[in-house]
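A.B. asks: with the sequence up front, the predicted model follows.
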Amino acid sequence: MSRSTVQDWTNGEQKLVYQRCASCQSKWYFRRAFCPHCGATDVLDMQASGNGQVHALTLVTRAPTEELRAHAPYLIVLVDADEGFRLMAHGEPSLSIGNRVRCNFKTLAGKLIPYFEKDRA
């Protein structure tokens, strides 16, 4: 999948996109024009399955913006994606470390965001 053709939630699509280096095979979540491991510029965008496991979590009770204060308290989770990268997102309040999760999407403070829920499969 090429960098220029894959859209994700930051463009209004309900998808998670990560990057992979064609040279060293490293994977990461924040988009860059180069590999953070080896510096190569042969970077590919890949669509993630949305499946993973909760690595860490925190309950936000004092939201940083007026838009988010209406939603507090809310849960922020670090998820180890099945594809081998880690990302931060919002999650359902009942999540615990180690839970298997699946990404869905919600609108929060007027923006589309990834939202992890327990994988019920």
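C.D. replies: Now that the structure is in, tell me what you want to look at.

A.B. asks: list the contacts for residue 46?
C.D. replies: Counting by C-beta atoms under 8 Å, 6 or more residues apart in numbering, residue 46 touches 1, 6, 17-20, 27, 83. All C-beta atoms are positioned from the backbone trio N, CA, C, and that covers glycine.

A.B. asks: if you could redo that for residue 38, that was the one I meant.
C.D. replies: Contacts of residue 38 (C-beta under 8 Å, 6+ apart): 21, 23-24, 26.

A.B. asks: again, only using 6 Å
C.D. replies: 23-24 (C-beta atoms under 6 Å, 6 or more residues apart in numbering).

A.B. asks: SS state for it?
C.D. replies: coil (DSSP: H, G, I helix; E, B strand; the rest coil).

A.B. asks: need phi/psi at it.
C.D. replies: For residue 38, the backbone dihedrals (degrees, to the nearest 10) come out as phi -120, psi -10.

A.B. asks: who does the most centrally placed residue in the chain bridge with?
C.D. replies: By C-alpha atoms, centre = their mean, the chain has its centre lying nearest to residue 87, at 4.3 Å. Note on residue 87: beta-bridge partners by DSSP bridges are residue 79.

A.B. asks: how close does the residue lying closest to residue 48 once chain neighbours are set aside sit to residue 78?
C.D. replies: Nearest residue to residue 48, sequence neighbours excluded (C-beta to C-beta, 6 or more residues apart in numbering): residue 16, at 4.1 Å. Using C-beta to C-beta, to the nearest Å, we find residue 16 at a distance of 14 Å from residue 78.

A.B. asks: having no further points to raise, I will conclude here.
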